[in-house]
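Enquirer: What follows is a protein structure lacking sequence information:
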């Protein structure tokens, strides 16, 4: 009788030990893989489109894969470096600990940015790089100058990501109600997943000048394929810088409002 | 099964929906976005492809497809896996076992309450966008009625799949990765990103017998008249509805069985 | 009369695993499993009659919550007989929970985003309570617990104490024969505690509802329970009247006296100095030798102090005392 009981417990424990060791690690591993995989589902769908039609006007399949990879990398970096910022704000305002960010020996925005690290973003960065490399290996190759310009615009795109996170953070500070503010901004970002030329003129203007999310992939790709020209400075870079400035001003406004409301 | 106590779950769902008015506003703005993007995308694809029909869809029916996909999303969704994970970690899940109802139906009818309100409110902006601008129309009233029935079944399928994933939280505690995997793959495999007719032919045959396409692709194609009552068996409404119903029954049975073991795990380990 | 609760030799053992951090250790533990058996309940037996108001007390980790969970049907025991209201709680859960009410002090049991009153009405349908029973009962309970206004606010906006009172209402609406309260007075202020205790006594008297209360608050026990079951390390160390404990064991009081300058020396009949911090004296008074008011008068007359507090010895001490004595028997 006793031996039976011991065997039962032993089996149970063995299983539990195996399971327990893998549990959170499993979740961690699956989380990363899930994001990684999800980033390939879109391109898979586009592959199917190119298999059965002429595809997207002005873009070969390989070019479009570079486009998607670029979008995935910029958004990936945005998540990786900054996503934790607004998340922390919402959580800390809810539990009342936000003030610690105001009393640290740094500018609150800098301090928060330092806490922006969100590891899952790394999956998207890696996925994006894989896509870009694949695309590059299936295209004719681009002049070095174009590549430099492309990389420069990528940096601008990451700057833009920071601006978005600052805006989301500011909104979260003013209106802590729900996570809906993320939905709003991420929703508009979706437009940048596709090249601007498929949209009408109204949207193109909006996505270039007013909410310049087209910096995320469209304009880097343009400089890659067509080369840099001075127009880009006015059409692309200046709107992004202005947008960044506005986001910081809005943040300052949000902090003032928060402090005047007594926190 | 006594349904009376579950009436209270539906009412709870309805009431709690109204506590989240802000989220409705956000949805009003973000829901049309995908639709707009897909409309532009497919318009541009059709403009250079020189074909009238791509993999069974004209431009109009392709846009219809994505409108209907959005409508399907209003009913065939479920977050029960998230709630189970969170409640289990916080320990609040015990409150559910002190209620004289089975956990699975308590959750199902509560979500049904949320879905009813969500559908009624969110369908309005979708129709406002789709009917005048995207020329959504009813191709056949019978087909539409059958499609609604199929949509109801799709909603149950989504719930059961999500519920089963949620139950794994009793063993695994943290299932964010699993949930994300489920969400992404369900969206893709149900035809949420691109119609299944674009997939490799061998997969389209396999997929018919798996539950995933019956979450979205099936009701849409019934509405569009791609499946009819007179088609050959593979695209015949009767066959496909039968498969859908069989999957509802299978997953329902699985969900109940797994819940039984999940509760034993919960109560055995003492939580 | 047949008891409504009959527990015989209830045992519950948990298997916990013990793992050092790090990848190497994780791999090691695959082959050399380090498991520990935790015996939460080592053979608990007791019976409770209808209409009793019993206190279940013991230090943290003693097995109180485990017992309550087993009685509520949300825990499968390792072995033993549990018969409550003629049910085996975990076997016919859905029918069983209609007959009981449970309040877990530390868990959320109400719909978080809705006003408490909504939860009450939803429970009416959930438990199938007839309208003509429900309305007057709800009205009475809201009045007695001073919840008429509070119940209209979303639960998430309520204080811990207000939520506790609402949970109590929710647990009693369907007029259960038996109610389990797990730490019900946590987070309540003094007045609220009083109101809640009066309420429980009223319900117990009027409806003959049986209550089992686990608590750390000695005043809960004093006010509510004639009988206490003391549990420690998974076994019952005392099951009997509160009066008896008080007579035999609560013979000491502890006085904390705080000073603004370094504390002076202290000596008095029947008093033992427990500790002497720089600014505080902790004095243990043997009330058999010296009535407490005499000690207080002495302190008042002889010393200028900043603050004074008189306490019962912590329950752990009483239990340790009882346990030691039981062991010695």
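Expert: Arrived safely, thanks for sending. Worth saying up front: this structure is predicted, and the values here are computed from it rather than measured. Numbering: from 1, shown residues only, chains lettered A, B, ... in the order given.

Enquirer: With adjacent residues omitted, what lies nearest to the residue in chain B that chain C sits nearest to?
Expert: Nearest residue of chain B to chain C (Cβ to the nearest Cβ) works out as residue B:8 at 3.5 Å. Where you see a C-beta, it was placed from the backbone N, CA and C, and this is true even at glycine. Closest residue to residue B:8 apart from its sequence neighbours, by Cβ to Cβ, 6 or more residues apart in numbering or on different chains: residue C:125 at 3.5 Å.

Enquirer: give the contact list for the residue of the stretch 101-250 of chain C found nearest chain B.
Expert: Nearest to chain B in the stretch 101-250 of chain C, going by Cβ to the nearest Cβ, is residue C:125, at a distance of 3.5 Å. Counting by Cβ atoms under 8 Å, 6 or more residues apart in numbering or on different chains, residue C:125 touches B:4-5, B:7-8, B:11.

Enquirer: Among those, name the buried ones.
Expert: B:5, B:8, B:11 (16 or more other Cβ atoms under 10 Å in any protein chain shown).

Enquirer: picking that back up, can you tell me how far the residue of the stretch 101-250 of chain C closest to chain B is from chain A?
Expert: 29 Å (Cβ to the nearest Cβ, to the nearest Å).

Enquirer: and that residue, that's in a strand?
Expert: No. Under the criterion used here (DSSP: H, G, I helix; E, B strand; the rest coil), residue C:125 is helix, not part of a strand.

Enquirer: Neighbours of the residue in the stretch 151-263 of chain A positioned nearest to chain B, how many?
Expert: The stretch 151-263 of chain A approaches chain B most closely through residue A:187 (3.5 Å), counting by Cβ to the nearest Cβ. Per other Cβ atoms under 10 Å in any protein chain shown, the neighbour tally for residue A:187 reads 17.

Enquirer: ok, residues contacting the host helix or strand of it?
Expert: Using DSSP states H and E, residue A:187 falls within helix A:180-189. Here helix A:180-189 makes contact (Cβ under 8 Å, 6+ apart) with A:75, A:86, A:164, A:167-168, A:171-172, A:175, A:211, A:213, A:216, B:22-23, B:25-27, B:29-30, B:33.

Enquirer: Quick check: ChimeraX command selecting the buried ones in those residues.
Expert: With 16+ other Cβ under 10 Å as the criterion, this ChimeraX line picks the buried residues out of these:
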select /A:75,86,164,167,168,171,172,211,213,216 /B:23,26,27,30,33
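
Enquirer: now, which of the contacts of helix A:180-189 lie close to chain C?
Expert: The overlap between these and the neighbours of chain C (Cβ under 8 Å from any Cβ of the partner chain) is empty.

Enquirer: Does stretch A:27-36 reach chain B?
Expert: Yes. On the criterion Cβ under 8 Å from any Cβ, stretch A:27-36 is in touch with chain B at A:27-35.

Enquirer: re earlier: quick one: the helix holding residue A:187 to chain centroid distance?
Expert: With Cα atoms, centre = their mean, to the nearest Å as the basis, helix A:180-189 stands 12 Å off its chain's centre.

Enquirer: quick one: buried residues of it?
Expert: Quick answer for helix A:180-189 (16+ other Cβ under 10 Å): A:180-185, A:187-189.

Enquirer: pLDDT score for residue 102?
Expert: Since you didn't name a chain, this refers to chain A. pLDDT for residue A:102: 82.

Enquirer: Let me rephrase: I mean chain C.
Expert: Per the predicted model, pLDDT is 95 at residue C:102.

Enquirer: Who are the packing partners of the helix or strand hosting it?
Expert: Per DSSP H and E: residue C:102 is located in strand C:100-104. Helices and strands touching strand C:100-104, by 3 or more Cβ pairs under 8 Å, 6 or more residues apart in numbering or on different chains; DSSP states H and E, are helix C:64-72, helix C:160-172, strand C:178-182.

Enquirer: Make TSV from the ones you listed and add mean neighbour count to it.
Expert: Compiled in TSV, the helices and strands packed on strand C:100-104 are given as follows (neighbours: other Cβ atoms under 10 Å in any protein chain shown):
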stretch	mean neighbour count
helix C:64-72	24
helix C:160-172	22
strand C:178-182	23
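
Enquirer: if we can go back for a sec, want to throw the buried residues of helix A:180-189 into a markdown table with pLDDT?
Expert: Shown next, in a markdown table, are these (pLDDT from 0 to 100):
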| residue | pLDDT |
| --- | --- |
| A:180 | 81 |
| A:181 | 84 |
| A:182 | 88 |
| A:183 | 87 |
| A:184 | 88 |
| A:185 | 91 |
| A:187 | 92 |
| A:188 | 93 |
| A:189 | 94 |
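
Enquirer: So which residue is dead centre in the chain?
Expert: If you meant another chain, say so; for now it's chain A. Centroid-nearest residue in chain A: residue A:75, 2.4 Å away (criterion: Cα atoms, centre = their mean).

Enquirer: sorry, should have said chain C
Expert: residue C:215 (1.6 Å).

Enquirer: who's in contact with that one?
Expert: Contacts of residue C:215 (Cβ under 8 Å, 6+ apart): C:55, C:57, C:181, C:183-185, C:221.
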